[in-house]
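Visitor: just coords:
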Ligand SMILES: C[S@@+](CC[C@H](N)C(=O)[O-])C[C@H]1O[C@@H](n2cnc3c(N)ncnc32)[C@H](O)[C@@H]1O
């Protein structure tokens, strides 16, 4: 029997309480076992897994953390591996009732992402940690090797790391710039770009109402909204009678629509037309800030968080559209924890309020390139200074 086959059988035979599984696994790896193997359909089915399941899925399903950890750390299987149906190892653990392994996998994902972010190795593919809309998020990154997942964090020297980080930032800026040149179509409850991406959709209205009340709990406040879209958030904000209401919007079609609809004449409204990155020096300080752009990535959200303390008053409230990895619970949980930790690092405390989302159904996504949300619970972030 090959070393790879012996490795599969060993992992399949582990139980949650087994101790010292690392040593035999490492020995099989040293014997040439291929940890990157995917199970054949018969083996996957036999173990209650789907087509294209990896050894990590098998270990997660068996519920032995030492085995999972060894596969992540010693065999370098990416933490965000998915099977042919997009099911992650985290979901495999949860489906088999191993909530403890699920939580540890979330922690492992967060750690891996932080290492990769520090090295500038997150690859901008369609769909990695997208804030809203364009793609399927982290699980697409899994297919891109080191992109957003997995262990290969060593090896580059510092010079290469800096170059990688620069390239990634540039590629992200290009992605946003491309979106800003696409023609947009407005229709009832929908804003689509010429590529079929759903930029904003009416199903989010109840969430926007909650976001608006979160950042503007009383009348007479100074508020800032980044990203106008369909103007749903801004309509709710207007109804809450802010003293001043600043809106940043970068897309020319959206800006023209704002003018046509008279937004520049509404009480207290000040429109800053341009990418938020280019108009920051025109910002003041605010009691409430909301961020919801499109065609940007987690790194842009994080960049915005870096400047946030300069523009949020001490008692102010900040929130953002939490569409991070909104089609996969496991990747969403990793993303939320990353955002929480990143905000804590700049002195901000985040509370996530859980809001039930009705099942959206296929009709909502009709004629769109991709559904960007499918989870039953929306975790609305309320962010304040940790005073
Ligand atoms: C998802 S929509 C916002 C939806 C809005 N919250 C609502 O309630 O309708 C995102 C908006 O951000 C704009 N946008 C994208 N990139 C931007 C950037 N870098 N700076 C400012 N606005 C941007 C888009 O043109 C789009 O109008």
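Guide: Perfect, thanks for sending it. Treat the numbers as computed from the prediction; the structure is a model and nothing was measured.
Visitor: run a quick neighbour tally on the residue of the stretch 151-300 of the chain found nearest the ligand.
Guide: Among residues of the stretch 151-300 of the chain, the one nearest the ligand by Cβ to the nearest ligand atom turns out to be residue 229. It sits 2.4 Å away. Where C-beta positions appear, they are placed from N, C-alpha and C, glycine not excepted. If you count neighbours by other Cβ atoms under 10 Å, residue 229 ends up with 25.
Visitor: what sits closest to it if chain neighbours are left out?
Guide: Closest residue to residue 229 apart from its sequence neighbours, by Cβ to Cβ, 6 or more residues apart in numbering: residue 200 at 3.6 Å.
Visitor: which SS class is the one you found?
Guide: Using DSSP: H, G, I helix; E, B strand; the rest coil as the criterion, the local structure at residue 200 reads strand.
Visitor: now the element after the host helix or strand of residue 212, going C-ward?
Guide: According to DSSP states H and E, residue 212 maps onto helix 205-215. Toward the C-terminal end, the helix or strand that comes next after helix 205-215 (DSSP H and E) is strand 222-226.
Visitor: what residue ranges in the chain score low on pLDDT?
Guide: For the chain, the stretches with pLDDT under 70 are 119-168.
Visitor: isn't there a strand covering residue 335?
Guide: No. Using three-state DSSP, the assignment for residue 335 is helix, not a strand.
Visitor: right, and it touches residue 327 too?
Guide: No. Look at residue 335 against residue 327 with Cβ atoms under 8 Å: they stay out of range, at 11.5 Å.
Visitor: more neighbours, these two?
Guide: residue 335 (28 against 20).
Visitor: what's the neighbour count on residue 60?
Guide: By the criterion of other Cβ under 10 Å, residue 60 has 31 neighbours.
Visitor: any idea which element it lies in?
Guide: Assigned by DSSP H and E, residue 60 falls within helix 55-62.
Visitor: with adjacent residues omitted, what lies nearest to residue 371?
Guide: Closest residue to residue 371 apart from its sequence neighbours, by Cβ to Cβ, 6+ apart: residue 365 at 4.4 Å.
Visitor: residues near the residue nearest to residue 229, how many?
Guide: Residues lying near residue 200 (other Cβ under 10 Å) number 27.
Visitor: is it true that it touches residue 191?
Guide: Yes. Using Cβ under 8 Å, residue 200 is in contact with residue 191, at 4.3 Å.
Visitor: overlap in contacts, these two.
Guide: 229, 230 (Cβ atoms under 8 Å, 6 or more residues apart in numbering).
Visitor: break the protein down into its domains, please.
Guide: What automatic domain parsing lists as the domains of the chain is 3-109, 184-385.
Visitor: I'd like these as CSV, with distance to residue 173 appended.
Guide: Shown next, in CSV, are the domains of the chain (distance: least, Cβ to Cβ, whole Å):
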stretch, distance to residue 173
domain 3-109, 24
domain 184-385, 8
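Visitor: pull up the residues of the stretch 251-387 of the chain that are close to the ligand.
Guide: Neighbours of the ligand within the stretch 251-387 of the chain, by Cβ under 6 Å from any ligand atom: 251, 254, 275, 276, 292, 293, 294, 295, 296.
Visitor: and the residue nearest the centre of this protein?
Guide: Central residue of the chain (Cα atoms, centre = their mean): residue 324, 2.7 Å from the mean position.
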